[in-house]
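In: based on what follows, work out the 3D shape:
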Amino acid sequence: QVQLVESGGGLVQAGGSLRLSCAASGRTFSTYVMGWFRQAPGKERDVVATVSRWGTNTYYADSVKGRFTISRDNAKNTVYLQMNSLKPEDTAVYYCAATRRTATSVSYEYEFWGQGTQVTVSS
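Out: A predicted model of the protein is given here:
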């Protein structure tokens, strides 16, 4: 089992940047595929980006391609989401998630979730 704690959210103006971090407990971090998801009020939780166990493969939602970058540091048990050129429509609670399954962008296939961090982008 792994515990996940997100940080780095906040309020930023459109066009600005934020870097989210997700720290994981345990000594088996590299065995998990990691993902970032987000949920806006009244909407479903959607995938933002995923990264494979050793960081060699990534996936991005079309809405964030070219603006967001997911990465991980297995030595630090941490996954990151660098968000650039932020837009008001990026406003949501962002969640970090982990799965021992094959790399996937489907939220229900992720077994462990953080508590979420709020990102608000003002226009």
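In: how about the spatially most central residue of the chain: what's its closest non-neighbour residue?
Out: Geometric centre of the chain, nearest residue: W36, 2.2 Å, by CA atoms, centre = their mean. Taking CB to CB, 6 or more residues apart in numbering, and ignoring the residues beside it in sequence, W36 has V48 as its nearest neighbour in space, at 4.3 Å. All C-beta spots, glycine's among them, are computed from the backbone N, C-alpha and C.
In: swap in K43?
Out: Spatially, and ignoring its direct neighbours in sequence, K43 is nearest to A92 (7.9 Å; CB to CB, 6+ apart).
In: identify the residues contacting the one you found.
Out: Residues in contact with A92 (CB atoms under 8 Å, 6 or more residues apart in numbering) are R38, Q39, A40, K43, Q118, V119.
In: run a quick neighbour tally on the third one.
Out: Applying other CB atoms under 10 Å, we find 14 other residues in the vicinity of A40.
In: same question, E109
Out: Using other CB under 10 Å as the criterion, E109 is surrounded by 15 other residues.
In: tell me the spacing between it and A97.
Out: Computed with CB to CB, to the nearest Å, the distance linking E109 and A97 is 9 Å.
In: would you map the strands across the protein?
Out: The residue ranges that make up the strands of the chain, judged by DSSP state E, are 4-7, 10-13, 18-24, 33-39, 46-51, 58-60, 68-73, 78-83, 92-99, 112-113, 117-122.
In: what would these look like in TSV with mean pLDDT and distance to S105?
Out: Listed next are the strands of the chain as TSV, based on pLDDT from 0 to 100; distance: least, CB to CB, whole Å:
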stretch	mean pLDDT	distance to S105
strand 4-7	97	18
strand 10-13	98	25
strand 18-24	98	17
strand 33-39	98	7
strand 46-51	97	4
strand 58-60	97	6
strand 68-73	98	12
strand 78-83	98	14
strand 92-99	98	11
strand 112-113	96	15
strand 117-122	98	19
